[in-house]
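# Mind folding the following:
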Amino acid sequence: MEDKLEIAKEILKKYNQEHLLHFYDELSKDEKNRLLDQILTINFEKILTVYKQSLNFRYDPNVKVSPIPHIEKDKLSFKEIEHYSKIGEAIIKSNQFAVVTMAGGQGTRLGYKGPKGTYMLNLKPVKKSLFQIMAENIMDNNKKYNVILPWYIMTSEENDAPTKAFFEINNFFEYPKEKIKFFKQNKLPIINIEGKLILQEPYLIKEASNGNGNVFKSMKNNGIIDDLENQNIKWVSFGGIDNVLLKNFDPLFLGLTISNNLSIGSKSIFKKEPLEKTAVYCLKNDKPAILDYDCIDLELSESKISSTNTYLFREANILSHIMSLDAIKKSTTIDLYYHRAFKKNSFVNEEGVKQVPDKPNTFKFENFIFDAFALFDGMLLLRVDENEEFAPIKDFTGIYNPDTAIEKYNNYYKI
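Have a look, this model is predicted:
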């Protein structure tokens, strides 16, 4: 342990983080080991570089922002839907399709302690967890297409064990156990406004999952990509656990993407309010991208093609994507941009007292899946009906809360 301590001290001195050992002498042997092991595994160079770069970030005025072409599902003819759906169905029926569910979050914003996927919705006639809703959705499609497709679930360090236990307790919701694989996303330390890492406990540095964009490298590092290759999977759908109307299987969406010779596809909904705090799809320097809501003024949001009365920047991201396996592999080859969020985080102060701030005090850094889209020359963007495909549960009181999700779910399934 003495060797580890000396190495840890050298690392912390190099990066001006010596405060992390402030309580070391008061810790038990196990706690000392836990803290030292954590220090030795953290990439201080990376996190502090990300932090410093974020302080100097400025939007590049030379980036050319333009509208991204999209297809409106409601405007497709019956023959078109039938044609493209058959193409997608052929991939699904030949067992070349898989599902990835991103479920690394906690239910904190819902006032719930535990993995978000274990949150129970008061549906009729019985309560169901988000995981059960997702499992039933996938199983219904398995039955429809006479397949049992692999289901991969991305967890986090914080919720991996309770998520797995929840599946065990619920007998994997009758889904074939061998067809479900869990994999953990990575995490990064939380940093305060002074550039210091913070302590969650005297023996524990506070870390958080580093966003859904980490899914690609996590898939690679956990052998998921190898597993996909071994099963001859060609296409994968990606979605979040909190959308109870998510269509994991959509042969039309898949067929349209394939027919347009594209390797990635995303779904959007129409952004009703021009200044709603929602990011929209666009092209940046002719590459698929997301335009953050704080970059959208009223003039841009209201801009139209006069001949068709079509808005140019109103395609809102709903975290529903498909990618070819080759596209996923390509996305593992680069380091995605880290987005900075200013958040409230409790911490242990110099007196060893847990402090709970009443306003944001720390920075969290995340990758987002859409930043990988810039690697590709184009993408298929399909606008869908919000009432048919988007009923997320973001927090307990906002516009996307459990009650609104239940209402949409009941209306869609005519419960």
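# which residues does the nearest residue to Lys9 once chain neighbours are set aside contact?
Nearest in space to Lys9, with sequence neighbours left out and distances taken as C-beta to C-beta, 6 or more residues apart in numbering, is Leu21 at 6.9 Å. Where you see a C-beta, it was placed from the backbone N, CA and C, and this is true even at glycine. Leu21 sits next to Ala8, Lys9, Leu12, Leu35 when contact means C-beta atoms under 8 Å, 6 or more residues apart in numbering.
# try Ile322
Trp235, Val236, Ser237, Phe238, Asp250, Phe253, Leu254, Thr257, Ile264, Gly265, Ser266.
# try 10 Å
Neighbour list for Ile322: 88, 97, 235-239, 248, 250, 253-254, 256-258, 262-267, 379-380, 382 [criterion: C-beta atoms under 10 Å, 6 or more residues apart in numbering].
# Next: Ile334.
Applying C-beta under 10 Å, 6+ apart, the residues near Ile334 are Phe216, Lys217, Asp371, Ala372, Ala374, Leu375.
# Then Ala405?
By C-beta under 10 Å, 6+ apart, the neighbours of Ala405 are 121, 123, 130, 133, 242-245, 390-394.
# how does it look with 8 Å?
Leu121, Val244, Ala391, Pro392, Ile393.
# circling back: most neighbours out of the contacts of Leu21, which is it?
Leu35 (24 neighbours; other C-beta atoms under 10 Å).
# So that one sits against Leu27, correct?
Yes: using C-beta atoms under 8 Å, Leu35 makes contact with Leu27 at a distance of 6.7 Å.
# still on that earlier bit, now the contacts of Ile334 in JSON lines, please, with extra columns for pLDDT and neighbour count.
As requested, the contacts of Ile334 are exported to JSON lines (pLDDT from 0 to 100; neighbours: other C-beta atoms under 10 Å):
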{"residue": "Phe216", "pLDDT": "98", "neighbour count": "25"}
{"residue": "Lys217", "pLDDT": "96", "neighbour count": "20"}
{"residue": "Asp371", "pLDDT": "94", "neighbour count": "18"}
{"residue": "Ala372", "pLDDT": "96", "neighbour count": "24"}
{"residue": "Ala374", "pLDDT": "94", "neighbour count": "17"}
{"residue": "Leu375", "pLDDT": "96", "neighbour count": "16"}
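# tell me the two of these that are most distant?
Lys217 and Ala374 (16.3 Å; C-beta to C-beta).
# Out of the contacts of Ile334, which comes closest to Leu275?
Asp371 (23.7 Å).
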